[in-house]
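Colleague: Any chance you could fold what I've pasted below:
(one chain, ligands or ions: 2)
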Amino acid sequence: MKPRIAFIGSGNMARSLIGGLIVDGWPASSLCASDPDAQQRQHLLERWPELRVTANNETALDQADVLVLAIKPQVMAEVCLPLAKTVQKNRPLILSIAAGVRSADIDRWLGGQLAVVRSMPNTPALVGSGATGLVRNTQVTDAQRDLAESILRAVGMTVWLDDETLLDAVTALSGSGPAYVFLFIEALQEAGIELGLPPETAALLALETVFGAAKLALEADEDAGQLRQRVTSPGGTTERAIAVLEKGGLRPLLAKALASAKDRAGELADQLGRQ
Ligand SMILES: NC(=O)C1=CN([C@@H]2O[C@H](COP(=O)(O)OP(=O)(O)OC[C@H]3O[C@@H](n4cnc5c(N)ncnc54)[C@H](OP(=O)(O)O)[C@@H]3O)[C@@H](O)[C@H]2O)C=CC1
Ligand SMILES: O=C(O)[C@@H]1CCC=N1
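Modeller: Ligands and ions are numbered 1, 2, ... in the order given. Below is the predicted model:
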């Protein structure tokens, strides 16, 4: 029998995990999702009629082997504190997907001495192409580690880290990363329009170029730098464009953007840790 999983918060990320698990062969009846929003619960039931759905977090937690915390960081403490008594009785594996909330704080809000896996997935999980970083605390057994991994692997690839502070860097890179790529696609499209392309054509070419380049980079034996050089003919068009991007400081700008995202994760953790 598959372990029972309770999702607290049934928004974007929880729905993608639920969908991935069901496609992966987990029976919907082994999953329970909780959300205060009636419309959200209705959507879940329309899509997966056998899913157990509730407005009550305590009910979701009942008999769960894994408690997935898929709520916004800002409500994590107020959601966890009332669940502490039941969590201490049932002692499920705690799996958080929230940005900038430390394992130690989650453990404290839930009464302490719990097995906590903290993870950082991303929205491509919605289409089964997520990338997730995970860390575990010392209470997590190898079997629980495998269980957490099998949940996140249902929506993409996973990578374990030894040091929890690195999860803020993962958040900055791959957690927030899809937004940078979408911004890049928007900018490519706008630039194409400025050069006279019809908007739909510019949008399609921008999108397919990013998709094709990522697919090639995943499948090729060469790294991104080598693949870039293959496009860049000496004295050709790409060389001119790349020179403009390098001179304009694309690399340091991205480094600065990621550092800001990482700092924000740390700030959130410090603020929330005071609760
Ligand atoms: N979006 C992203 O790209 C990523 C998000 N994350 C993390 O995932 C978590 C969830 O994000 P996401 O799915 O995007 O957010 P959503 O807002 O889509 O989902 C959160 C859900 O939790 C519900 N909720 C609010 N309060 C409670 C409560 N007391 N009990 C139960 N459920 C509650 C919300 O309902 P309502 O809307 O009514 O408030 C909402 O449906 C966040 O912590 C975020 O940091 C991680 C990686 C990527
Ligand atoms: O912006 C955020 O805070 C969340 C975490 C990573 C992606 N979205």
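Colleague: and the residue of the stretch 1-150 of the chain nearest ligand 1?
Modeller: Gly11 (1.8 Å; Cβ to the nearest ligand atom). (C-beta placed from N, C-alpha, C; glycine too.)
Colleague: Would you agree that residue is in contact with Arg41?
Modeller: No: contact criterion Cβ atoms under 8 Å: Gly11 and Arg41 do not qualify, at 11.6 Å.
Colleague: Now do the contacts for the spatially closest residue to the residue of the stretch 1-150 of the chain closest to ligand 1 that is not a sequence neighbour.
Modeller: Computed as Cβ to Cβ, 6 or more residues apart in numbering, the closest residue to Gly11 that is not its neighbour in sequence is Ala70, at 6.7 Å. Counting by Cβ atoms under 8 Å, 6 or more residues apart in numbering, Ala70 makes contact with 7-11, 13-14, 17, 97-98.
Colleague: Going by distance to Leu161, which of those residues wins?
Modeller: Ile97 (14.8 Å; Cβ to Cβ).
Colleague: would you list every one of the helices in this protein?
Modeller: Secondary structure of the chain (DSSP state H): helices at 12-23, 38-47, 57-61, 76-80, 84-90, 103-109, 142-153, 166-170, 177-194, 199-219, 224-231, 237-247, 250-273.
Colleague: Would you convert these into CSV that also reports mean pLDDT, distance to Arg136 and mean neighbour count?
Modeller: Below are the helices of the chain laid out as CSV (pLDDT from 0 to 100; distance: least, Cβ to Cβ, whole Å; neighbours: other Cβ atoms under 10 Å):
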stretch, mean pLDDT, distance to Arg136, mean neighbour count
helix 12-23, 92, 18, 21
helix 38-47, 92, 28, 14
helix 57-61, 94, 20, 20
helix 76-80, 96, 18, 19
helix 84-90, 96, 17, 15
helix 103-109, 97, 8, 20
helix 142-153, 96, 6, 18
helix 166-170, 96, 11, 21
helix 177-194, 98, 23, 14
helix 199-219, 98, 27, 13
helix 224-231, 97, 30, 12
helix 237-247, 98, 39, 11
helix 250-273, 95, 17, 15
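Colleague: Give me the pLDDT for the residue nearest to the spatial centre of the chain.
Modeller: With distances taken as Cα atoms, centre = their mean, Pro121 lies nearest the centre of the chain, 2.0 Å away. pLDDT for Pro121: 96.
Colleague: That one contacts Thr132, correct?
Modeller: Yes: here Pro121 reaches Thr132: they are 4.2 Å apart, a contact under Cβ under 8 Å.
Colleague: follow-up on the earlier one: what residues are up against the residue nearest to the centre of the chain?
Modeller: By Cβ under 8 Å, 6+ apart, the contact list for Pro121 reads 13, 16-17, 97, 130-132, 152, 155-156, 175.
Colleague: and of these, the nearest to ligand 2?
Modeller: Gly175 (3.5 Å).
Colleague: Dig out what the closest residue in space to the closest one that isn't next to it in sequence forms beta bridges with.
Modeller: Distances taken as Cβ to Cβ, 6+ apart place Met120 nearest to Gly175, at 4.6 Å, with adjacent residues excluded. Counting by DSSP bridges, Met120 is bridged to Gly133.
Colleague: okay but Met120 is in contact with Val170, surely?
Modeller: Yes: contact criterion Cβ under 8 Å: Met120 and Val170 qualify, at 4.7 Å.
Colleague: Next, show the common contact partners of the two.
Modeller: Gly133.
Colleague: and Thr165, how many residues sit next to it?
Modeller: 13 (other Cβ atoms under 10 Å).
Colleague: show me what contacts Leu205?
Modeller: Residues in contact with Leu205 (Cβ under 8 Å, 6+ apart) are 188, 192, 197.
Colleague: Not counting its neighbours along the chain, what's nearest Glu164?
Modeller: Val135 (4.7 Å).
Colleague: separation between the one you found and ligand 2?
Modeller: To ligand 2, Val135 is 16 Å away according to Cβ to the nearest ligand atom, to the nearest Å.
Colleague: could we number from 38 for the rest of this?
Modeller: I'll keep to 38 as the first residue from here, and by that count the last item is Val172.
Colleague: At the contact with ligand 1, which residues of the stretch 188-312 of the chain appear?
Modeller: Gly212 (Cβ under 6 Å from any ligand atom).
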